[in-house]
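# here's my sequence, what's the structure:
(one chain, ligands or ions: 1)
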Amino acid sequence: MWGGRFTAKPAELMQAINVSIGFDRRLAAQDLAGSRAHAAMLRKAGVITSQDEAAIQGGLDTIEGEIAAGTFPFREEFEDIHMNVEARLRELIGPAAGRLHTARSRNDQVALDFRMWVRDACDRTIGQLKALQAALVAQAEAHADTLMPGFTHLQPAQPVTFGHHLMAYVEMFGRDAGRFADARRRMNESPLGAAALAGSPFPIDREMTAKALGFDRPTANSLDSVSDRDFALESLAAATLCGVHLSRLAEEIVIWTTPQFGFIRLSDAFTTGSSIMPQKKNPDAAELVRAKVGRLMGSFTQLSIVMKGLPLAYSKDMQEDKVPTFEAFDALELSLLAMAGMVADLEPVAPRMAQAAGAGFSTATDLADWLVRTLDLPFRDAHHVTGAAVKKAEELGCDLSELPLSELQALSQGIGPDVYEVLTPRASAASRKSYGGTAPDQVRAQIKRWKDILA
Ligand code: ARG
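Residues are numbered from 1 along each chain as shown. Got it, this is the predicted structure:
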């Protein structure tokens with residue numbers, strides 16, 4: 001493609017380090033779309049003739065067909081996707097192919113292709129996040145009343161409902177989807193027409209190509225257009241945060257499926273057995289989702305290191321932007337799909353959760369609150385009395401709700417038998433009616449809100 005200035009072929013090692021077709025072939029669809037829009041614009045601007053444009057579009061159709069059929073010759077000697085397409089176009093339509101690259105450079109071409117790929121990936125991810133949220137909402141709705149212990153420090157803290165716990169993740173994944181949407185909005189400007197770095201002397205219409213390719217507008221600085229990859233980094237940052245959330249849910253699934261917890265059962269579809277221990281049913285999918293966040297974070301780190309300190313404008317370093325980005329979105333997609341599958345499939349063991357919800361004196365705060373409300377004790381004093389009640393119950397080997405009234409009255413005279421009404425896990429959860437609290441009606445209100453958003 002640049003034979004004019006060169007007399008010898010590149011060293012084999014040069015080709016080995018330079019070649020990117022092995023991975024940037026994933027940009028083929030975007031590359032064809034960009035070339036189509038560019039050719040139509042060149043014709044409209046009077047830069048190429050209608051015949052040449054028709055030949056180019058026809059050739060691009062053939063190439064699209066070859067790619068779909070798996071017969072397109074991806075060739076290493078043509079380095080990357082852009083030159084592979086152009087070389088094939090020349091074979092198909094002859095010299096007119098050479099006119100397609102007027103007023104364009106591989107620098108704005110790759111910036112365009114990659115931006116469109118990341119934009120598509122963000123859209124797909126938002127769809128996958130919504131599907132995961134829908135699976136969580138469906139389980140939450142089925143279990144808005146199912147009690148479970150709420151934890152702090154992984155110690156039983158206060159009873160909550162399984163529905164409430166799942167809805168916490170719906171909020172997290174909602175913010176994740178919002179971050180991908182924000183990134184998409186910011187990246188939705190077309191770099192095509194920035195050419196090599198300085199713009200073009202041809203009468204190109206960048207608004208036209210931007211519009212044809214679904215962008216809001218063309219980018220406003222040609223140097224910036226070809227030299228930044230912050231759109232990819234921003235998406236990888238969003239992917240990393242999403243991975244952090246996924247890994248927390250994955251970890252909970254791992255914990256909940258242990259016989260020690262026994263809170264949920266996973267279906268055979270998302271577990272594996274052991275080749276030596278016949279009793280095993282391992283939550284491998286959850287473990288792998290938990291681990292994939294490493295790839296996501298790694299990708300963000302990798303690309304930020306590639307980009308840091310690069311002088312403007314394009315440098316070949318930037319060819320290394322694709323592999324981490326592709327890998328990250330592949331890992332994220334698998335994780336989101338597997339997580340949605342696990343969530344839809346999992347079966348809570350309600351009696352076990354309910355029993356655990358009452359363990360560990362989980363209604364102690366309810367006793368303290370009752371003392372404040374009914375006997376007008378300052379909260380600190382109520383906390384002290386309740387602490388003593390817990391100590392007593394521990395001594396007697398019983399639960400708070402099983403403490404004889406006389407024992408409670410020995411700690412605070414005014415305590416009457418109605419105190420027992422607040423000491424069950426169900427009453428505890430039902431009492432937390434504050435906005436966003438775990439009371440089933442509050443949880444149902446949030447489920448309804450999300451169903452409307454996700455509809
Ligand atoms: N394969 C290259 C990349 O991914 C395309 C751009 C090449 N531009 C250049 N001036 N060598 O970045």
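# which residue packs closest to the residue of the stretch 201-350 of the chain found nearest the ligand, ignoring adjacent ones?
As assessed by C-beta to the nearest ligand atom, the ligand sits closest to Gln319 within the stretch 201-350 of the chain, at 3.6 Å. In this view, the C-beta of every residue, glycine as well, is placed from N, C-alpha and C. Using C-beta to C-beta, 6 or more residues apart in numbering and skipping the chain neighbours, the partner closest in space to Gln319 is Ser20 (5.4 Å).
# ok, that neighbour - contacts?
By C-beta atoms under 8 Å, 6 or more residues apart in numbering, the contact set of Ser20 is Glu79, Asp80, Ile81, Gln319, Lys322.
# now go through those and say which are in strands.
Of the positions in the contacts of Ser20, not one sits in strands, assigned by DSSP state E.
# pipe the residues you listed into TSV and attach pLDDT per row.
As requested, the contacts of Ser20 are exported to TSV (pLDDT from 0 to 100):
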residue	pLDDT
Glu79	96
Asp80	98
Ile81	98
Gln319	98
Lys322	98
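# so the residue nearest to Gln319 versus the ligand, what's the distance?
Per C-beta to the nearest ligand atom, to the nearest Å, Ser20 is found 5 Å from the ligand.
# look up how far Ala196 lies from that residue.
Remark: distance between Ser20 and Ala196 (C-beta to C-beta, to the nearest Å) = 18 Å.
# and if you look at Met148?
Using C-beta to C-beta, one gets 60 Å for the distance from Met148 to Ala196.
# ditto for Ile415
Ile415 is 82 Å from Ala196, where distance means C-beta to C-beta.
# can you check Gln51 too?
27 Å.
# wait, Val137 sits on Glu171?
No - if you go by C-beta atoms under 8 Å, Val137 and Glu171 don't touch, sitting 11.1 Å apart.
# between the two, who's got more neighbours?
The residue with more neighbours, out of Val137 and Glu171, is Val137; 23 against 15, by other C-beta atoms under 10 Å.
# and that one, that one's in a helix?
Yes - counting by DSSP: H, G, I helix; E, B strand; the rest coil, Val137 falls inside a helix.
# quick one: pLDDT of the nearest residue to it once chain neighbours are set aside?
In this structure, Val137 finds its nearest non-sequential neighbour in Trp450, 5.2 Å apart by C-beta to C-beta, 6+ apart. Note for Trp450: predicted pLDDT of 98.
# isn't Trp450 right up against Met167?
Yes - between Trp450 and Met167 there is a contact under C-beta under 8 Å: 7.4 Å.
# those two: which has the busier surroundings?
Higher neighbour count among Trp450 and Met167: Met167, with 27 against 20, using other C-beta under 10 Å.
# which element is that one on?
helix 162-187 (DSSP states H and E).
# now that helix: buried residues?
For helix 162-187, a neighbour-count test (16 or more other C-beta atoms under 10 Å) marks 162-170, 172-173, 176-177, 179-181, 183-184, 187 as buried.
# helix, strand, or coil at Thr209?
Per three-state DSSP, Thr209 ends up helix.
# wait, it touches Ser35, no?
No - counting by C-beta under 8 Å, Thr209 sits too far from Ser35 to count as a contact (10.4 Å).
# return the residues in contact with the nearest residue to Ile415 once chain neighbours are set aside.
Closest residue to Ile415 apart from its sequence neighbours, by C-beta to C-beta, 6+ apart: Leu408 at 4.6 Å. Counting by C-beta under 8 Å, 6+ apart, Leu408 touches Ala389, Ile415, Val419.
# if we use 10 Å, what do you get?
Taking C-beta atoms under 10 Å, 6 or more residues apart in numbering as the criterion, Leu408 is in contact with 367, 371, 385-386, 388-389, 392-393, 400, 415-417, 419-420, 423.
# wasn't it part of a helix?
Yes - checked against three-state DSSP, Leu408 lies within a helix.
# give me the pLDDT for it.
95.
# now it: how far from Ala368?
According to C-beta to C-beta, Leu408 and Ala368 sit 13 Å apart.
# shared neighbours of those two, anything?
Val385, Thr386, Ala389.
# assess the claim that the last one and Ala368 are in contact.
Yes - checked against C-beta atoms under 10 Å, the pair Ala389 and Ala368 is within contact range at 9.2 Å.
# look at those two and report which has more neighbours.
Using other C-beta under 10 Å, the more surrounded residue of Ala389 and Ala368 is Ala389, with 25 against 21.
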